[in-house]
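Asks: Structure, please.
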Amino acid sequence: MVGVYRLSKKGLRWFQKGHPWIFRDDLEEIEAPDRDLLARLVDPSGKPLAWASYSPHSKITLRILERGPGDGPAELRSWIAERVRQAVEARRPLARETNGCRLVSSEGDALPGLIVDRFADVLVVQFMTPFIQGLATTIVPTLVELLEPRMILARNNAKVRRLEGLPLEITLLHGTRVEKVWFEENGLSFPVDPFLGQKTGFFLDQRPARGRVRALASAGGEILDLCTYSGGFALNAAKGGAESVLAVDVSKSSLDLLEEARLANELSGVERVEANAFSFLKDLLEEGRRFDGIILDPPAFARSKREVEGAKRGYTKLNRRCLQLLRPGGWLLTCSCSYHATPSLFRNLLGEAARGMRVQDLGRIPPPEDHRVLLGFPESDYLKVHLLKKLDGAQPG
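Replies: Purely as a prediction, here's the structure:
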């Protein structure tokens, strides 16, 4: 029997705003769900509103699968398999520019809790909810049928799984173990460590920004890439025509991947530095160094609301130092992947960082279409990338 979940009046107002999550305190009544954790959402009078997945341990109790009073899936596993097929087919046109992309984007593909990233013939998946975890025996064979991958790896080590009552683990689901895989993006080859790399192995959501950096670097000049990871931005700057690229990261293993990629792509003029971004920027300022372009893509500073105040100080300090290091006419591509640093908050912080300088905001660079941003779902709008131009050298204060 499918569990029935009755919204409170407050919960109904929230549902009508279009957000795909329903929280525990928005519900008036809960009936035990079926073993597949499929749920029927109804309004205070009992009128059917949607089908959803149920999370027994999370504050996010329900995640909407389908809105409307319809009968829902006749057979859940066939229904889920078809959604996976639709998501994969929607990414087929991307093959012209890359064989590395997000094949399934959770709520963006109406499969909440499921992430599937492709790196050539290797797939890395994340099952973020008990509902999706329980459907792994349907999802994995569907992916094998569609793509015939060499390996499917479950990177189920994201801390958010603990909130769902799920263990943290990395599991080989299909094929043979692949320690390193190379994928192509706009004429460059990048190595990925599926087991140990950050996120699922590479920051696929920055593809448009990497392309923008390559175009900017065509003017030449000296480029600084902070928090470079495995060099996605640095190598695009070198490929674009930068005179020199200084790539900085605190991780030696990441810098080793960058060097491997540099050699494979036959690029020159890229210097690697193992250092903390905060202290390294301070040293550069004291040395009087200046750059024509800077990329700043730090890790998330605010992983919860409690961390926002500290994140504000960190983002402001880093961006101010970067702007101070720019020559007049230089550009800064600056990023935040913290959802809790909202788009408006991040833009305000950039304004504070630019205090006393004439800095033009050339606009925000959106994520690629395979990382879907849904209206009414601000959590999907987590990545902020702004391109700034320093108009003069004044920097009082």
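
Asks: hey, let's count contacts and neighbours off CA atoms from now on
Replies: Fine.

Asks: List the buried residues in stretch 145-164.
Replies: Buried residues in stretch 145-164, counted by 16 or more other C-alpha atoms under 10 Å: 148, 149, 151, 152, 153, 154, 155, 156, 157, 158, 161, 164.

Asks: do stretch 239-254 as well
Replies: 239-252, 254.

Asks: longest helix of this protein?
Replies: In the chain, assigned by DSSP state H, the helix with the most residues is helix 308-325.

Asks: strand partners of the following helix or strand past that one, parallel vs antiparallel please.
Replies: Following helix 308-325 in sequence order, the next helix or strand is strand 326-336 (DSSP states H and E). Here strand 326-336 is paired, per DSSP bridges, with strand 291-296 (parallel), strand 384-390 (antiparallel).

Asks: got the contact list for strand 326-336?
Replies: The contact list for strand 326-336, computed with C-alpha atoms under 8 Å, 6 or more residues apart in numbering, reads 213, 290-300, 319, 322-323, 346, 382-393.

Asks: now those residues: which count as buried?
Replies: Buried, going by 16+ other C-alpha under 10 Å: 213, 290-298, 300, 319, 322-323, 346, 382-391, 393, out of the contacts of strand 326-336.

Asks: Quick one, which of the strands paired with strand 326-336 gets closest to residue 367.
Replies: Of all these, strand 384-390 sits nearest to residue 367, with 8.4 Å by C-alpha to C-alpha.

Asks: who touches the closest one?
Replies: 209, 323, 326-337, 343, 346, 357-366.

Asks: could you redo the last one with a cut-off of 7 Å?
Replies: Residues outside strand 384-390 that contact it (C-alpha atoms under 7 Å, 6 or more residues apart in numbering): 328-337, 343, 358-365.

Asks: Return the alpha-carbon coordinates of that strand using CSV.
Replies: This file holds the C-alpha atoms of strand 384-390, laid out as CSV (Å, rounded to 0.1, in the frame of the first residue of the first chain):
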residue,chain,number,x,y,z
LYS,A,384,27.6,31.6,-9.0
VAL,A,385,30.2,32.7,-11.6
HIS,A,386,30.8,36.4,-12.2
LEU,A,387,33.2,38.0,-14.6
LEU,A,388,34.5,41.3,-13.4
LYS,A,389,36.7,43.9,-15.1
LYS,A,390,38.9,46.3,-13.2
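
Asks: between it and helix 308-325, how many degrees?
Replies: Computed by axes from the mean of the first three to the mean of the last three C-alpha atoms, to 10 degrees, the angle separating strand 384-390 from helix 308-325 equals 30 degrees.

Asks: Specify which residues of the chain, grouped into ranges, have pLDDT under the cut-off.
Replies: In the predicted model, the chain carries pLDDT under 70 at residues 1, 32-34, 301-303, 393-397.

Asks: how's it carved up into domains?
Replies: 3-67, 76-182, 203-390 (automatic domain parsing).

Asks: so how far is the last one off the chain centroid?
Replies: It stands for domain 203-390. 15 Å (C-alpha atoms, centre = their mean, to the nearest Å).

Asks: got the phi/psi numbers for residue 179?
Replies: Recorded main-chain torsions at residue 179 are phi -80, psi -30, according to degrees, to the nearest 10.

Asks: any idea what sits nearest residue 289, other than its immediate chain neighbours?
Replies: Among residues not flanking residue 289 along the chain, residue 325 sits closest, at 6.7 Å (C-alpha to C-alpha, 6 or more residues apart in numbering).

Asks: Next, the contact list for residue 383, please.
Replies: The contact partners of residue 383, taken as C-alpha under 7 Å, 6+ apart, are 336, 337.

Asks: Against residue 206, how distant is it?
Replies: In this view, residue 383 and residue 206 are 9 Å apart by C-alpha to C-alpha, to the nearest Å.

Asks: now do residue 40
Replies: Separation of residue 40 from residue 206 (C-alpha to C-alpha) stands at 37 Å.

Asks: With residue 224 instead?
Replies: Using C-alpha to C-alpha, residue 224 is found at 17 Å from residue 206.

Asks: same deal with residue 377?
Replies: 20 Å.

Asks: All good on my end, thank you.
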